[in-house]
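Undergrad: structure, please.
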Amino acid sequence: MKLALRFLQFAALAATALASPAQAATEIMWWHAMSGELGKQLEKLAADFNASQSDYRIVPTYKGNYTETVTAAIFAFRSRSQPAIVQVNEIATATMMAAKGAIYPVFDLMRDQSEPFSPEAYLPAVTGYYSDVAGNMLSFPFNVSTPILYYNKDLFRAAGLDPEVAPKTWAEVGAAAKRLRAAGSPCGLTTSWPSWVHVENFSAFHNLPLATRANGFGGLDAELTFNNQDVVRHIAQLAEWQATKVFDYSGRGQSAEPRFQKGECAIFIGSSGTRADIKANSKFEVGYGMIPYRPETTGAPQNSIIGGATLWVLRDRPRTEYAGVARFFAYLSKPEVQAAWHQHTGYLPITRAAFDLTRAQGFYDRDPGAAIGIEQLTLKPPTENSKGIRLGSFVLIRSVIDEELEQVFSAKQSAQAALDLAVERGNRLLRQFERANPDR
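TA: Okay, the predicted model is just below:
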């Protein structure tokens, strides 16, 4: 009788279990702007997190480039169909901050969800870009890069240059590029992202203000100031070199990179985030160095500033999702996760612990040049001029700067006149942004 009763109890429990399936994981939408190999690595991050626990499921969705992704998120928010997480490029930080009521600051999120979160664990050059004046991190750093110098060691040897020594100053870059041209290279030097390299990072690396009010961190009433003599001399020098292809302008964005990979240009300045791609696609030995500086400028070299993107959390999603977002960010901060992301993509680790782990694993010994970006970002403690840029509509301002630089490189405008016009046009955009956001 007792045996029969136990059997019936077991059968009842089994029936209850079958009738009540396990609770489904909470899905969390993540809209991003990474395609190709980087997109695959991003999807792997999400898949690995999903496999590490059963409560939440991150669902990454590619939405196009950065502008397209942000635009999609804005329209989705208006229709209350926004994702919990959206990837936004670094120069849109001020624009995101102005989206009142739409943003759930990361420092608030992590505190509210009681997830471990210490801003001191992150690299200062990273946290400074994405924090408010009180030091509170507003978004979560994700893919971080900075410009570095690449050079073709084979062409250096052919030109009688030391292939083991990267040029450190702009004068050394010019002298090397002239030697390379004389030895038959079609192009001595080229660069990607003109404004990012030659105005934004040139200013930071020389401890020069790009704008007043601590590059916009101090308020919306900032005014651009990059039409100073140091930047003007630098752009004028490039224009002079352009005439003999010592420097050769290759266009905006990453259009210069293939010219280096093909061996056409012997020296290239571009994102550290493309290092793995350059190494894989170049049929020559690649050398690496920090971006050049002008030693006659007091304070140089300082530290470079970052590029890439960050993860913003949007409000008005179900409460259960935010617990998952916080846990996902805590997962992304783990040293082993950050180290793997850094090593597989070429982007920089966002924490000192991930950098130390990568070094302990011998990655930098096996892959020379991989640590250049970190060393450059941490060369000196960031100043008001080198912790980043917090200017409204800077996506548009960067396009204005690129337009005016093109006028210089095509010999249609002097460096001074072009930079003066870029400042004038850029300041008009800043005033429009300020008027549109009177409460900030």
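Undergrad: so what's the closest residue to residue 116 other than its chain neighbours up against?
TA: Residue nearest to residue 116 in three dimensions, not counting chain neighbours: residue 330, with 6.0 Å by CB to CB, 6 or more residues apart in numbering. (C-beta placed from N, C-alpha, C; glycine too.) When contacts are counted by CB atoms under 8 Å, 6 or more residues apart in numbering, residue 330 is found next to 110, 115-117.
Undergrad: any idea how far residue 330 is from residue 352?
TA: Residue 330 sits at a distance of 17 Å from residue 352 (criterion: CB to CB, to the nearest Å).
Undergrad: surely the residue nearest to residue 116 is in a strand?
TA: No: the assignment for residue 330, made by DSSP: H, G, I helix; E, B strand; the rest coil, is helix rather than a strand.
Undergrad: from residue 323, how far off is it?
TA: The span separating residue 330 from residue 323 equals 11 Å under the rule CB to CB.
Undergrad: check residue 361 too.
TA: 32 Å.
Undergrad: ok, residue 153 next?
TA: Distance from residue 153 to residue 323, counting by CB to CB: 50 Å.
Undergrad: lowest-scoring secondary structure element of the chain by mean pLDDT?
TA: Taking mean pLDDT, DSSP states H and E as the measure, helix 2-19 is the helix or strand of the chain with the lowest mean score, a mean of 45.
Undergrad: how about the helices in the stretch 251-400 of the chain?
TA: 257-261, 275-281, 319-332, 335-345, 352-360, 363-366, 372-377, 394-409 (DSSP state H, counting those that start in this stretch).
Undergrad: between residue 361 and residue 323, which one's more packed in?
TA: Summary of the neighbour comparison: residue 361 and residue 323, criterion other CB atoms under 10 Å, with residue 323 having more neighbours (18 against 14).
Undergrad: ok, and the closest non-adjacent residue to that one?
TA: Counting by CB to CB, 6+ apart, residue 113 is the residue found nearest to residue 323 once chain neighbours are left out, at 5.3 Å.
Undergrad: and the pLDDT at the one you found?
TA: The pLDDT attached to residue 113 in the predicted structure is 96.
Undergrad: give me the neighbour count for it.
TA: Other residues near residue 113 number 17, with proximity taken as other CB under 10 Å.
Undergrad: and the helix or strand hosting residue 30, C-alpha only, in PDB?
TA: Assigned by DSSP states H and E, residue 30 falls within strand 26-32. Once non-C-alpha atoms are left out, strand 26-32 reads as follows in PDB (Å, rounded to 0.1, in the frame of the first residue of the first chain):
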ATOM      1  CA  THR A  26      14.400  36.900 -20.600                       C
ATOM      2  CA  GLU A  27      15.400  38.200 -24.000                       C
ATOM      3  CA  ILE A  28      17.500  41.400 -24.200                       C
ATOM      4  CA  MET A  29      17.800  43.100 -27.600                       C
ATOM      5  CA  TRP A  30      21.200  44.600 -28.500                       C
ATOM      6  CA  TRP A  31      21.400  46.700 -31.600                       C
ATOM      7  CA  HIS A  32      24.900  47.100 -33.000                       C
END
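Undergrad: with just CA atoms, put stretch 166-185 into PDB.
TA: Taking only C-alpha atoms (Å, rounded to 0.1, in the frame of the first residue of the first chain), the coordinates of stretch 166-185 have been written out as PDB:
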ATOM      1  CA  ALA A 166      59.600  53.500 -35.900                       C
ATOM      2  CA  PRO A 167      59.800  57.300 -36.600                       C
ATOM      3  CA  LYS A 168      58.700  59.100 -33.500                       C
ATOM      4  CA  THR A 169      58.400  62.800 -34.500                       C
ATOM      5  CA  TRP A 170      56.700  64.400 -37.500                       C
ATOM      6  CA  ALA A 171      60.100  65.500 -38.700                       C
ATOM      7  CA  GLU A 172      61.300  61.900 -38.600                       C
ATOM      8  CA  VAL A 173      58.200  60.800 -40.400                       C
ATOM      9  CA  GLY A 174      58.800  63.400 -43.200                       C
ATOM     10  CA  ALA A 175      62.500  62.400 -43.600                       C
ATOM     11  CA  ALA A 176      61.600  58.700 -43.800                       C
ATOM     12  CA  ALA A 177      58.800  59.300 -46.200                       C
ATOM     13  CA  LYS A 178      61.100  61.300 -48.500                       C
ATOM     14  CA  ARG A 179      63.700  58.500 -48.400                       C
ATOM     15  CA  LEU A 180      60.900  56.000 -49.300                       C
ATOM     16  CA  ARG A 181      59.700  58.100 -52.200                       C
ATOM     17  CA  ALA A 182      63.300  58.400 -53.500                       C
ATOM     18  CA  ALA A 183      63.600  54.600 -53.300                       C
ATOM     19  CA  GLY A 184      60.500  54.100 -55.500                       C
ATOM     20  CA  SER A 185      57.500  54.000 -53.100                       C
END
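Undergrad: may I see the buried residues of it?
TA: By neighbour count, and taking 16 or more other CB atoms under 10 Å as the criterion, the buried residues in stretch 166-185 are 166-168, 170, 173-174, 176-181, 183, 185.
Undergrad: still on that earlier bit, overlap in contacts of residue 330 and residue 323?
TA: With CB under 8 Å, 6+ apart as the test, residue 330 and residue 323 reach no residue in common.
Undergrad: for residue 267, what are its contacts?
TA: Contacts were defined as CB under 8 Å, 6+ apart; by that measure residue 267 touches 149-152, 167, 173, 176-177, 180, 188-190, 260.
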